[in-house]
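In: Build me a model from this:
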Amino acid sequence: MHQSQHDNVGGDDLPSYEEMLVEALAACSDPEGCAPKDLFSWMAARYPLQSNFRPSASQALQKAYKRGRFEKGSNGKYRINAGYIGANVSDIHLSFKLFFFLKRPM
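Out: Sure thing, here's the model as predicted:
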């Protein structure tokens, strides 16, 4: 069974894999970006993740890239797309919670 980005060790206290990847890329000092293995090493060093988190984190990386949140160079390294305009995953989750709270019968 694959671990989802919300089923990390520590539960809800941890950010999603995508948010961890954003943090890792923001901390990356290489202007060309960071390779996936370096991003995953950064994540594992800073968060209490399961030893088998990499396939799920890799999937989160690919999804964020396909949505335009990250750029990928010809060297295979990723960078944050400064021109990305999109909703944060946690913002969407919060919006749904608020919507259902407001729609409940009084």
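In: mean confidence score for stretch 51-60?
Out: Averaging pLDDT along stretch 51-60 gives 97.
In: With only the CA atoms kept, save that stretch in PDB.
Out: Extracted as PDB, the C-alpha positions of stretch 51-60 are listed here (Å, rounded to 0.1, in the frame of the first residue of the first chain):
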ATOM      1  CA  SER A  51      11.700   4.900   5.300                       C
ATOM      2  CA  ASN A  52       9.500   4.200   2.200                       C
ATOM      3  CA  PHE A  53       8.300   7.800   1.600                       C
ATOM      4  CA  ARG A  54      10.200   8.400  -1.600                       C
ATOM      5  CA  PRO A  55       7.700   6.900  -4.100                       C
ATOM      6  CA  SER A  56       4.900   9.000  -2.700                       C
ATOM      7  CA  ALA A  57       7.100  12.100  -2.500                       C
ATOM      8  CA  SER A  58       8.300  11.500  -6.100                       C
ATOM      9  CA  GLN A  59       4.600  11.300  -7.200                       C
ATOM     10  CA  ALA A  60       3.900  14.600  -5.400                       C
END
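In: begin at 57 from here
Out: All right, first residue 57 from here; so that's stretch 107-116.
In: counting contacts, what elements does whichever strand or helix holds A101 pack onto?
Out: Element membership for A101, per DSSP states H and E: helix 92-102. Counting by 3 or more C-beta pairs under 8 Å, 6 or more residues apart in numbering; DSSP states H and E, the packing neighbours recorded for helix 92-102 are helix 73-83, helix 110-123. Where C-beta positions appear, they are placed from N, C-alpha and C, glycine not excepted.
In: Name all residues that make contact with A100.
Out: F109 (C-beta atoms under 8 Å, 6 or more residues apart in numbering).
In: my guess is Y121 contacts Y134, does it?
Out: Yes. Taking C-beta atoms under 8 Å as the definition, Y121 is a contact partner of Y134 at 6.9 Å.
In: Neighbour count for the two, which is higher?
Out: Each of Y121 and Y134 has its neighbours counted (other C-beta atoms under 10 Å); Y134 has more, 25 against 15.
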